[in-house]
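Participant: quick one: sequence and predicted model below, then my questions.
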Number of protein chains: 2
Amino acid sequence: MSIPASHADLLEAVTLAHVATIGPAGEPQVNPVWFEWDGTHLCFSQTTGRQKYRNVGREPRVALSIVDPGNPYRYLEVRGRVVAVDDDPDNAFIDRQAQRYIDQERYPWHQPGDHRVVVRVLPERTSQMG
Amino acid sequence: MSIPASHADLLEAVTLAHVATIGPAGEPQVNPVWFEWDGTHLCFSQTTGRQKYRNVGREPRVALSIVDPGNPYRYLEVRGRVVAVDDDPDNAFIDRQAQRYIDQERYPWHQPGDHRVVVRVLPERTSQMG
């Protein structure tokens, strides 16, 4: 599918996306993430210790909500499917995100033992406003 | 349950919450809403024509993510259950929200024929960061 041209700029915005996943009992869960659009997928970083990582392994369907940082009445929701969970062994992805979001060369909250992955979401539907 | 004191202020923040619901095929959906904490429930307005209204009628479990408008690395996720969907026939609730969020006496985007309800979510679990 293609993202509506009217809201495609939001995929490049440096802002939080709120990602909804399905928890172990079938319940929705949601929290903010940094994200990056690679031209095909919405990508975000995750440590393998987190609930969200286990959630997308069990149920690949997710949704992300991105509000225009310059206009709170304009947003894009992307619903899709996790099609890849790639290792990020050198933290290349999360460090690039740190550069983008907080202008730091390295992600400052990395903990020894954290195993980072890149979750890639293929959009299947969108909804939007504004 | 009680909201952690460390993050209870976010229930009073004038900012968007991102509400995750379960769609008709069991898939997650998420989008931003204005919200109000009534001391017991997280409440938001909805028109009865919207997908989210149908979603919570089918599956009352929802989750809301609220980021501190002053600190993007501090957030509260509230997971809970829709325990009431009350009519808002005079638009009293949505008009109060308009006053709070955009300093207007009346909600400016009301459409003739819109039937507004107030969705009340009883928190059952939280997660938080920052």
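Facilitator: Perfect, I can see it now. Only a predicted model underlies this, so the values are computations on that prediction, with no experimental measurement involved.
Participant: on the three-state scheme, the residue most central in space within chain A is what?
Facilitator: Residue closest to the average C-alpha location in chain A (C-alpha atoms, centre = their mean): A:Phe44, at 3.7 Å. Here A:Phe44 is recorded as strand under DSSP: H, G, I helix; E, B strand; the rest coil.
Participant: near A:Asp57, how many other residues are there?
Facilitator: For the record, residue A:57 is Gly, not Asp. Other residues near A:Gly57 come to 12 when the count uses other C-beta atoms under 10 Å in any protein chain shown. Just so you know, the C-beta spots here come from the backbone N, C-alpha and C atoms, and that holds for glycine as well.
Participant: wait, the residue nearest to the centre of chain A sits on A:Val119?
Facilitator: Yes - counting by C-beta atoms under 8 Å, A:Phe44 touches A:Val119, with 5.4 Å between them.
Participant: who touches both of these two?
Facilitator: In the contact map built from C-beta atoms under 8 Å, 6 or more residues apart in numbering or on different chains, no residue is linked to both A:Phe44 and A:Val119.
Participant: beyond the host helix or strand of A:Asn31, next helix or strand please.
Facilitator: If you go by DSSP states H and E, A:Asn31 is part of strand A:28-33. On the C-terminal side of strand A:28-33, the closest following helix or strand by DSSP H and E is strand A:36-37.
Participant: direction included, what does that following strand pair up with?
Facilitator: Applying DSSP bridges to the sheet, strand A:36-37 is found paired with strand A:42-47 (antiparallel).
Participant: which parts of the strand it pairs with are buried?
Facilitator: A:Leu42, A:Cys43, A:Phe44, A:Ser45, A:Gln46, A:Thr47 (16 or more other C-beta atoms under 10 Å in any protein chain shown).
Participant: gap between the last one and B:Leu76?
Facilitator: By that I understand A:Thr47. From A:Thr47 over to B:Leu76 the distance is 20 Å, taken as C-beta to C-beta, to the nearest Å.
Participant: tally of neighbours for A:Asp95?
Facilitator: Counted with other C-beta under 10 Å, A:Asp95 comes out at 18.
Participant: in contact with it, which residues?
Facilitator: By C-beta under 8 Å, 6+ apart, the neighbours of A:Asp95 are A:Glu105, A:Arg106, A:Tyr107.
Participant: go again using 10 Å as the cut-off
Facilitator: By C-beta atoms under 10 Å, 6 or more residues apart in numbering or on different chains, the contact set of A:Asp95 is A:Ser45, A:Asp88, A:Gln104, A:Glu105, A:Arg106, A:Tyr107, A:His110, A:Arg116.
Participant: wait, is it part of a helix?
Facilitator: Yes - judged by three-state DSSP, A:Asp95 forms part of a helix.
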